[in-house]
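**Student:** predicted structure and sequence below. I'll ask about it afterward.
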Amino acid sequence: MRRWHFEVGETAVTILCDEAFLPVARESIFRSRHVIERFIRDDPLFGVTLEPYEAKGEVHPLIARMCDAAALADVGPMAAVAGAIAEQAVMDMQDAGAEQAVVDNGGDIAFLLRDEVTVALYAGEGVKGIGFRVAPRDGVFGMCTSSGTVGPSISFGLADAATVVAENVALADACATRLGNLVAEPTDGVMRAAVDLIAAVPGIDGALVAARDRIAMKGRLPEMVRVAADPSKITRVELSGR
């Protein structure tokens with residue numbers, strides 16, 4: 001696989017795939033953004049509410065997936081937007097014949113794996129040097145991370161990294177936001193209660209939260225490994241203003 005950085009608007013992604021599938025991923029991201037932007041024009045509440053949103057009538061499957069994920073996580077639908085866009089891009093590459101593809105949308109990652117990959121967990125000055133060895137599994141799945149101390153995520157908590165793994169990438173994204181929100185203080189009791197709650201959401205494989213020098217985890221997570229985070233590979237907006 002080769003690595004590309006791709007930006008459109010506020011969406012900044014790292015795409016790993018065979019070069020033949022890069023145009024598929026790019027077009028998918030453009031389409032997904034168009035669907036979401038058009039829906040927000042029709043109903044601005046969708047774009048700003050921090051509570052679950054019940055779509056009226058028949059809506060695009062991407063919007064429905066975001067709404068369903070938000071309802072299960074008890075957050076607003078835009079908490080699932082990055083994961084949903086990444087998920088759709090990888091599904092479209094799979095439909096085009098890809099056997100291995102990764103889309104990292106600002107820390108919300110969708111995988112289609114033939115071979116294992118290693119993902120570093122970046123938690124700022126908090127927990128360092130850990131990551132996951134992510135093994136292949138059937139179909140598309142996700143690992144999504146929110147933070148109250150690193151990056152642009154909207155979070156009402158103090159977690160350095162709140163990471164959730166699920167087959168449904170939009171759901172993993174929404175639940176990562178909820179997990180981060182639950183860590184109002186970085187104590188063992190609060191962090192354990194937070195991962196217990198998120199791991200109990202239907203469809204969630206596992207959850208991990210890191211805050212300061214503490215880690216709490218619950219459920220089925222990929223194998224944890226020692227790995228140095230390379231800041232140059234963190235997906236972020238690079239071209240704004242150019």
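**Tutor:** Structure received.
**Student:** isn't Thr149 right up against Ala162?
**Tutor:** No - using C-beta atoms under 8 Å, Thr149 makes no contact with Ala162, being 10.5 Å away. For the C-beta atoms, the positions are set from N, CA and C on the backbone; glycine is no exception.
**Student:** between these two, point out the one with more neighbours.
**Tutor:** A side-by-side neighbour count of Thr149 and Ala162, using other C-beta atoms under 10 Å, places Ala162 first with 32 against 19.
**Student:** and the more buried one, what does it touch?
**Tutor:** Neighbouring residues of Ala162 by C-beta atoms under 8 Å, 6 or more residues apart in numbering: 145-148, 155, 176-177, 179-180, 183, 194, 207-210.
**Student:** what does Ala84 give?
**Tutor:** 32, 62, 65-66, 69, 169-170, 173.
**Student:** can you tell me the helix or strand for it?
**Tutor:** Element membership for Ala84 (DSSP states H and E) is helix 81-95.
**Student:** quick one: secondary structure of the residue of the chain most remote from its centre?
**Tutor:** No residue in the chain sits farther from the centre than Gly57, which is 27.1 Å out by C-alpha atoms, centre = their mean. Under DSSP: H, G, I helix; E, B strand; the rest coil, the three-state class of Gly57 is coil.
**Student:** ok, which stretches of this structure are helices?
**Tutor:** 22-42, 45-48, 61-73, 81-95, 169-182, 188-199 (DSSP state H).
**Student:** quick check: which of those helices is buried the most?
**Tutor:** Comparing the helices of the chain by mean neighbour count (mean count of other C-beta atoms under 10 Å), helix 169-182 ranks first with a mean of 31.
**Student:** got the angle for that one vs helix 188-199?
**Tutor:** Counting by axes from the mean of the first three to the mean of the last three C-alpha atoms, to 10 degrees, helix 169-182 points 160 degrees away from the direction of helix 188-199.
**Student:** let me see the mean pLDDT of helix 169-182.
**Tutor:** For helix 169-182, mean pLDDT rounds to 97.
**Student:** that helix packs against which elements?
**Tutor:** helix 61-73, helix 81-95, strand 108-112, strand 141-146, strand 161-166, helix 188-199, strand 204-211 (3 or more C-beta pairs under 8 Å, 6 or more residues apart in numbering; DSSP states H and E).
**Student:** at 10 Å instead, please
**Tutor:** Using 3 or more C-beta pairs under 10 Å, 6 or more residues apart in numbering; DSSP states H and E, the elements in contact with helix 169-182 are helix 61-73, helix 81-95, strand 101-105, strand 108-112, strand 141-146, strand 161-166, helix 188-199, strand 204-211.
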